[in-house]
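Enquirer: quick one: sequence plus predicted model below, questions after.
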Amino acid sequence: MLSKMMATPLAALLLLLVSLFGVANAAALEVDLESADSIKAAAKLVAKKLISYYHGDEPGQTPGILPGPPPDAPYYWWQAGAMWGTFVDYWHYTGDTTYNAKTFQALQFQTGPPDNAYMPQNWTASLGNDDQGFWGMSAMLAAEVGFPDPPADQPQWLALAQAVFNTQIDPDRRDDVCGGGLRWQIYSFNGAGYTYKNTIANAVFLNIGARLARYTNNQSYADWAEWTYSWLEELHYIDDDYNVYDGGYDYNNCTVPNRAQFSYNAAILIHGGAIMYNITEDEKWKTRVNGLVNRTLEFFFPEPDRVMVEIPCEGTDQCNTDQHSFKGYMHRALATAVQVAPFTRDMIMPYLKASTAGAARACLDDGTCGFLWNQTYDGDIGDGPAGQEMSALAALSTMLIALDGEVEKIKPPLTNTTGGTSVGDPDAGTNVHIAQQFGPIEGKDRGGAGFLTVVVIVSIFTTLLWMAMEWSE
Ligand SMILES: *[C@@H]1O[C@H](CO)[C@@H](O)[C@H](O)[C@H]1NC(C)=O
Ligand SMILES: *[C@@H]1O[C@H](CO)[C@@H](O)[C@H](O)[C@H]1NC(C)=O
Ligand SMILES: *[C@@H]1O[C@H](CO)[C@@H](O)[C@H](O)[C@H]1NC(C)=O
Ligand SMILES: *[C@@H]1O[C@H](CO)[C@@H](O)[C@H](O)[C@H]1NC(C)=O
Ligand SMILES: *[C@@H]1O[C@H](CO)[C@@H](O)[C@H](O)[C@H]1NC(C)=O
Ligand SMILES: *[C@@H]1O[C@H](CO)[C@@H](O)[C@H](O)[C@H]1NC(C)=O
Ligand SMILES: *[C@@H]1O[C@H](CO)[C@@H](O)[C@H](O)[C@H]1NC(C)=O
């Protein structure tokens, strides 16, 4: 390509101008998407940049978390959980073990003993069902890709995912309002978020359920995933054209969905749906996956360039720190769908490739990546930058499934009978009951007054967070 361009003087001049401009503004990351070595080298740079935003394993810091939560520093607890999943996938696709030890420590440190259901006390103030679930999905992934198993006396990946699932089917976390379904927040003191029954909380639950069903061959998990999909449809959170909306409030029985379409909702459903299709081979699931993928590609990967855009907030520059990480979940979900529902491959691959090329163009040659993928590096660090870095890393590493010679090495998610070695515990998490934990304050170790102060601060804070979110949506 390059030598052909150099053949014409005009092109050479253009190239010179571009590189001069480039030197002044730092050069873009170079990557050849036809070359595994080139993809791996680029991903390695991006991974290195991403880990530079993590300080949890430094003296005096808390392992597992990114700097936060707001307003002290940018990141909520959940985003680190999603980042470790991104690193697990990075290792799975590229084979680079550089970050496995940090990833392992993080996924173990935040389990929240003794229940080990990813509900550590420290993060109660921002612990939604989805927050918990993002950590659960990362543990599930560790089981599916054969990430090194913890020693027998530590929580196992599969059991951790089962624990998250079991806490989310507990009657304390479910009620009949809106016909059932999870609320966004777990704790009622977490303000308005508790009155919101949203798609992501239920999509993540469905996702973990589908994957547990596939891994363990236990039908109960699949039944819950089936039920949840139907519930999302009944409330028109997923409409007849496979648009996926954000959620609804309990005070009008969830009949008026917030119609914002954030990509993580669709992504997590595509992943879970593709797994359900894989295990059931049911036409119903094929239709759903086909519909969701089709609508997703058209909506989030607009023609002609097919580079992913976080539609509801990107054009107006209103995406928050969370939303800066969403593109990564979409790329990872679509790559997994290609593996477990191969009928989607021809549909998905051209879009993944175009979008990944965009992601790379939006990075600098030191691996610093931007959020806007349809232009060169945007210098956007205000709302991250770990999220945009996670997204670029996800796009680059999953791209290896496009290459002969690599795709054969990348194993589809394992199960208990196809090489998965993670040990489960079907009863994990069943001792967690919210009312019991948070009922009588006096009965707890923590000072009553201190705890009440925390509750008040948390409520004020959640309200502010909520207002900010409403504004951005
Ligand atoms: C909880 O916070 C304390 C105090 O900062 C810290 O020592 C501990 O490691 C944290 N635990 C988790 C699981 O984040
Ligand atoms: C609330 O919504 C659910 C789910 O659509 C429905 O089954 C139930 O009848 C509704 N309840 C009321 C009071 O409208
Ligand atoms: C997985 O397979 C092993 C060996 O066959 C078995 O002992 C174990 O109980 C299985 N675990 C689950 C969760 O099905
Ligand atoms: C989505 O489906 C429509 C109708 O079958 C088709 O025309 C369109 O090309 C599909 N889009 C994508 C991105 O697959
Ligand atoms: C990139 O996407 C944004 C958000 O949709 C849009 O506003 C902008 O016009 C696009 N830029 C280019 C160069 O296509
Ligand atoms: C399920 O996934 C496996 C592993 O990728 C794949 O070989 C198989 O074709 C999938 N099943 C269906 C029905 O697509
Ligand atoms: C299947 O999963 C359900 C839900 O967690 C659990 O109650 C049940 O014990 C599991 N069954 C087996 C055989 O593991």
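Expert: Perfect, thanks for sending it. Keep in mind the model is a prediction, meaning the values are calculated, not measured. Ligands and ions are numbered 1, 2, ... in the order given.

Enquirer: which bits of the stretch 51-200 of the chain sit near ligand 7?
Expert: Residues of the stretch 51-200 of the chain that fall close to ligand 7, judged by CB under 6 Å from any ligand atom: Asn166. Placement of C-beta: from N, CA and C, glycine included.

Enquirer: can you give me the helices for the stretch 51-200 of the chain?
Expert: 77-94, 100-109, 129-144, 157-169, 199-216 (DSSP state H, counting those that start in this stretch).

Enquirer: looking at the ones you listed, which is closest to ligand 4?
Expert: Closest approach to ligand 4 among those is made by helix 199-216 (21.1 Å; CB to the nearest ligand atom).

Enquirer: check whether that closest one comes near ligand 3.
Expert: Yes - among the residues of helix 199-216, Thr216 lie within reach of ligand 3 under CB under 6 Å from any ligand atom.

Enquirer: how about the following helix or strand past that helix: buried residues?
Expert: Next along the chain after helix 199-216, taking DSSP states H and E as the criterion, comes helix 219-234. For helix 219-234, the neighbour count (16 or more other CB atoms under 10 Å) marks 221-222, 224-226, 228-229, 231-232 as buried.

Enquirer: equivalent analysis for stretch 232-245, please.
Expert: Of the residues in stretch 232-245, 232, 235-238, 242-245 count as buried by neighbour count, 16+ other CB under 10 Å.

Enquirer: just flag the most distant two among those residues.
Expert: Greatest spatial distance in the buried residues of stretch 232-245: Leu235 and Tyr242, 14.6 Å, computed using CB to CB.

Enquirer: contacts for stretch 293-313?
Expert: Here stretch 293-313 makes contact (CB atoms under 8 Å, 6 or more residues apart in numbering) with 241-244, 260-263, 266-267, 270, 315, 319-320, 323, 326-327, 330-331, 334, 337, 344, 347-348, 350-351, 354-355, 357-359, 371, 373-374, 472-473.

Enquirer: could you rerun that using 6 Å?
Expert: Here stretch 293-313 makes contact (CB atoms under 6 Å, 6 or more residues apart in numbering) with 242, 260-263, 266, 270, 319, 323, 326-327, 344, 347, 351, 354-355, 358, 373-374, 472.

Enquirer: that one vs ligand 5: in contact?
Expert: Yes - counting by CB under 6 Å from any ligand atom, ligand 5 has neighbours in stretch 293-313: Val309.

Enquirer: that stretch near ligand 6 anywhere?
Expert: No - counting by CB under 6 Å from any ligand atom, ligand 6 has no neighbours in stretch 293-313; the shortest distance is 13.5 Å.

Enquirer: for that stretch, list the C-alpha coordinates in CSV.
Expert: The C-alpha atoms that make up stretch 293-313 are tabulated as CSV, following Å, rounded to 0.1, in the frame of the first residue of the first chain:
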residue,chain,number,x,y,z
VAL,A,293,-27.4,-7.8,15.8
ASN,A,294,-29.0,-6.3,12.7
ARG,A,295,-30.4,-3.3,14.5
THR,A,296,-27.2,-2.8,16.5
LEU,A,297,-25.0,-2.7,13.4
GLU,A,298,-27.4,-0.2,11.7
PHE,A,299,-27.8,2.0,14.8
PHE,A,300,-24.3,2.1,16.4
PHE,A,301,-22.1,1.5,13.3
PRO,A,302,-23.5,4.1,10.9
GLU,A,303,-22.8,3.9,7.2
PRO,A,304,-20.8,4.7,5.3
ASP,A,305,-17.7,4.3,7.5
ARG,A,306,-19.2,1.7,10.0
VAL,A,307,-17.2,3.1,12.9
MET,A,308,-18.9,2.7,16.2
VAL,A,309,-20.6,5.7,17.7
GLU,A,310,-22.2,5.9,21.2
ILE,A,311,-25.3,7.4,19.6
PRO,A,312,-27.3,8.8,22.6
CYS,A,313,-24.4,11.0,23.9
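
Enquirer: that stretch near ligand 4 anywhere?
Expert: Yes - if you take CB under 6 Å from any ligand atom as the test, stretch 293-313 does meet ligand 4, through 294, 297-298.

Enquirer: tell me which of these is nearest to ligand 2?
Expert: Among those, Asn294 lies closest to ligand 2 (CB to the nearest ligand atom), at 26.0 Å.

Enquirer: ok, then the element right after the helix or strand that contains that closest one?
Expert: Assigning secondary structure by DSSP H and E places Asn294 in helix 283-300. Counting by DSSP H and E, the element after helix 283-300 in chain order, helix or strand, is helix 311-314.

Enquirer: pLDDT on that next one, on average?
Expert: For helix 311-314, mean pLDDT is 97.

Enquirer: the next helix or strand after that helix and ligand 6, any residue contact?
Expert: Note on helix 311-314: by DSSP H and E, the next helix or strand toward the C-terminus is helix 326-340. Yes - interface with ligand 6: helix 326-340 contributes 339-340 (CB under 6 Å from any ligand atom).
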